[in-house]
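Q: Here's a sequence, model it:
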Amino acid sequence: MSRARRTAALWAARRMDPAFHDEAGFEAWKSDDPANAEAFDQVWGVNQDSALTEAMKLSEQRRSATRGRAGPIAALAGGVLACGLAVALAWPQLQLMTVAPTAFETARGEHRAVVLQDGTKVMLDGDTRLEVRLGAGRREVALSRGEAFFDVAHDEARPFTVRTVAGSARVLGTAFDLELSDERGPERLELSVHRGRVRLAPDGLIRRTADLTVGQRAFATEGRLSKVGAFDPAADDWRSGWLETDGVTLGRLVERLNRASARRIVIADADLARQRVAGRFRLDEPAALVRNLALVHGFEVREGQGGLVISR
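A: So this is what the prediction gives:
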């Protein structure tokens, strides 16, 4: 890491301390070299990191406690100690934010297998986007849409976290599938564990987490966790072109088909989207599948602008 980035990380940690008053020094450092301001902008987004937030709370609590029973020198020492703790706790995330992300993206109907620099293997479903940062103390992936299967290289010193708008999944080394879905309205993150143990945490300030093991599945949405369910890790899934379910809404099925189909499929009727279907579905022939379902369930499929339209 460059000197500018290391110093920027320290300035970021100091400026998030409520007791920080050295704005003149900070501005002087930024104006000394254009690279300083650029490096600071790159790390400032980390100010929402939970580890840093908790550390700064600890800093304030320690200062409050020492003000009432200690002299100014002791209070200052306590504040310096707490700030040092905040920097130590936040440093892995601050360092990670200085790493340029590597993006991986697929079009609808495309599958892509990638191997990350740490040896982690990732299979991306269609219409999926990831941004990967591998730091010295943490590994982090941002899943902004779609679905991906992760076979994570074990590294006790560098936890592996996948973050989405709906929540996150954190592991050391395991295999699991994550899907970011918006078929039911608010985006939700569904986790299916194929090996090892994964911690699922919904987005939000007050979070209840769940540790899932092999054959367990759950989802997070709107800051809440679902009940943990079971699935068969040996069954076919989207990686082999199949979806097997004992009950799923038509809207949910179409959302999956749209990742596998180059032609867009749209449901014109909201009530129809909530109709449940069950069976073993071949995902790589979406047009044929929806036409066969139409015969069974009594809806219509017609050609529309840019794709297929399903209606009553």
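Q: Please, where are all the helices along this structure?
A: For the chain, the helices defined by DSSP state H occupy 3-15, 23-32, 34-44, 50-69, 72-97, 250-260, 270-273, 286-297.
Q: and the residue positioned nearest the centre of the chain, what are its bridge partners?
A: Centroid check for the chain by CA atoms, centre = their mean gives residue 163 as the closest residue, at 1.6 Å. Listed by DSSP bridges, the beta-bridge partners for residue 163 are residue 142, residue 168.
Q: list the contacts for it?
A: Residues near residue 163 by CB atoms under 8 Å, 6 or more residues apart in numbering: 140-143. Glycine gets a C-beta too; all of them are placed from N, C-alpha and C.
Q: at 10 Å what do you get?
A: 131, 140-144, 169-170, 189, 201, 203 (CB atoms under 10 Å, 6 or more residues apart in numbering).
Q: give me the number of residues near the residue nearest to residue 281 when sequence neighbours are not counted?
A: Leaving aside its sequence neighbours, residue 281 sits nearest to residue 243 (CB to CB, 6 or more residues apart in numbering; 4.6 Å). Using other CB atoms under 10 Å, residue 243 has 21 neighbouring residues.
Q: Distance check, residue 243 against residue 260.
A: The gap separating residue 243 from residue 260 is 9 Å, by CB to CB, to the nearest Å.
Q: Which neighbours do the two have in common?
A: Shared contacts of residue 243 and residue 260, defined by CB under 10 Å, 6+ apart, comprise 282-283, 289.
Q: Could you identify the most distant pair in the contacts of residue 163?
A: 131 and 201 (19.0 Å; CB to CB).
Q: In terms of neighbours, single out the busier of these two.
A: residue 201 (20 against 16).
Q: if we can go back for a sec, and the shared contacts of residue 243 and residue 260, which of them are buried?
A: By neighbour count, with 16 or more other CB atoms under 10 Å, the shared contacts of residue 243 and residue 260 hold 283, 289 as buried.
Q: Give me the spatial nearest neighbour of residue 113, chain neighbours excluded.
A: Using CB to CB, 6+ apart, the nearest residue to residue 113 is residue 123, at 5.2 Å.
Q: Mind listing the residues bridging to the one you found?
A: Taking DSSP bridges as the rule, residue 123 bridges to residue 113, residue 149.
Q: Looks like it contacts residue 146 (just checking).
A: No - here residue 123 does not reach residue 146: they are 11.2 Å apart, not a contact under CB atoms under 10 Å.
Q: Find residues that contact each of those two.
A: Contacts common to residue 123 and residue 146, judged by CB under 10 Å, 6+ apart, are residue 106.
Q: Straight-line length of stretch 149-161, end to end?
A: One end of stretch 149-161 sits 13 Å from the other (CA to CA, to the nearest Å).
Q: Name the residues of it that are buried.
A: In terms of neighbour count (16+ other CB under 10 Å), stretch 149-161 has its buried residues at 149-153, 158-161.
Q: likewise stretch 166-179?
A: The neighbour-count check on stretch 166-179 (16+ other CB under 10 Å) flags 166-179 as buried.
Q: any idea how far the closest residue in space to residue 174 that isn't next to it in sequence is from residue 157?
A: The shortest distance from residue 174 to any non-neighbouring residue, by CB to CB, 6+ apart, is to residue 196 (2.6 Å). Distance of residue 196 to residue 157, given as CB to CB: 17 Å.
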